[in-house]
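K.L.:
Turn this into a structure:
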Amino acid sequence: YADAPAWRLLRLAKERGARLAIVLSRVPVKSREVVTKHFVRMLTEYGLGEVERFVVDESRVTDGMLPDHEVTDLRLWLTELSVDDQRRAQAIRTTLSGALDSFRVRIPALARQLEAQVAFRNELRGDVEAAYSGALAEIEETTGNGALLRGEVLARWQDFAGSGDLMRTLHLRRP
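P.N.:
Numbers count the residues shown, from 1 in each chain. Below you'll find the model as predicted:
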């Protein structure tokens, strides 16, 4: 329960108005009081002190189920929420309003990130086009001034043309 990422998610959910209930499970019976006090202190520090919370002791699971007495309070809370149309509608309205209200903060930040991505794409496109244009200009220059046919390429061409292979190939292709 002390992992920072989980607390960041809980705080974000609260900021967005989500209806929250937190279940601290597998709490050793011997240290329940100490763990619960620390947990409540952390909830308060993260601005979640008023959030519904349930503590489930570490216990034996039978047929995939916890003992009924361990989850009675949680079950009652969920049942009340599910059968009370007004409470359920209020939870939905609060959560939806919070999510929609968070757009005021999230959309401008998202727009800034999008603008940065577009600028980066344009920069990359410019770099690629410059590299392509430079390579094309170099190819045109080296083919135009004969620099392309130097070194081993020129030696191989001279061997091919000088040995008569070129003339034989051209004669073989004639109709």
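K.L.:
so where is the protein shaky, pLDDT-wise?
P.N.:
Judged against pLDDT under 70, the low-scoring parts of the chain cover residues 1-2, 166, 173-175.
K.L.:
Helices along that one, start to end?
P.N.:
For the chain, the helices identified by DSSP state H occupy 4-15, 32-45, 68-83, 85-144, 151-162, 165-173, in order along the chain.
K.L.:
Tabulate these in CSV, adding columns for distance to residue 53.
P.N.:
Every residue, glycine included, has its C-beta placed from N, CA and C. Formatted as CSV, the entries for the helices of the chain read as follows, by distance: least, C-beta to C-beta, whole Å:
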stretch, distance to residue 53
helix 4-15, 11
helix 32-45, 7
helix 68-83, 10
helix 85-144, 16
helix 151-162, 78
helix 165-173, 87
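K.L.:
Redo those helices as CSV? Include mean neighbour count.
P.N.:
Shown next, in CSV, are those (neighbours: other C-beta atoms under 10 Å):
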stretch, mean neighbour count
helix 4-15, 13
helix 32-45, 13
helix 68-83, 12
helix 85-144, 11
helix 151-162, 10
helix 165-173, 9
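K.L.:
Tell me which of those helices approaches residue 61 most closely.
P.N.:
With C-beta to C-beta as the criterion, residue 61 lies closest to helix 68-83 of the helices of the chain, at 10.0 Å.
K.L.:
contact partners of the closest one?
P.N.:
Contact with helix 68-83 is made by 21, 23, 52, 54, 56-57, 59, 87-88, 91, as judged by C-beta atoms under 8 Å, 6 or more residues apart in numbering.
K.L.:
Among these, name the ones in strands.
P.N.:
Mapping the contacts of helix 68-83 onto strands (DSSP state E) picks out 21, 23, 52, 54, 56-57.
K.L.:
of those, buried ones?
P.N.:
When burial is judged by neighbour count using 16 or more other C-beta atoms under 10 Å, the buried members of the ones in strands among the contacts of helix 68-83 are 54, 56.
K.L.:
Tell me the one among the ones in strands among the contacts of helix 68-83 nearest to residue 107.
P.N.:
Closest to residue 107 out of these is residue 21 (28.8 Å), distances taken as C-beta to C-beta.
K.L.:
How much space separates the closest one from residue 53?
P.N.:
Residue 21 sits 7 Å away from residue 53, taking C-beta to C-beta, to the nearest Å as the criterion.
K.L.:
That'll do, ta.
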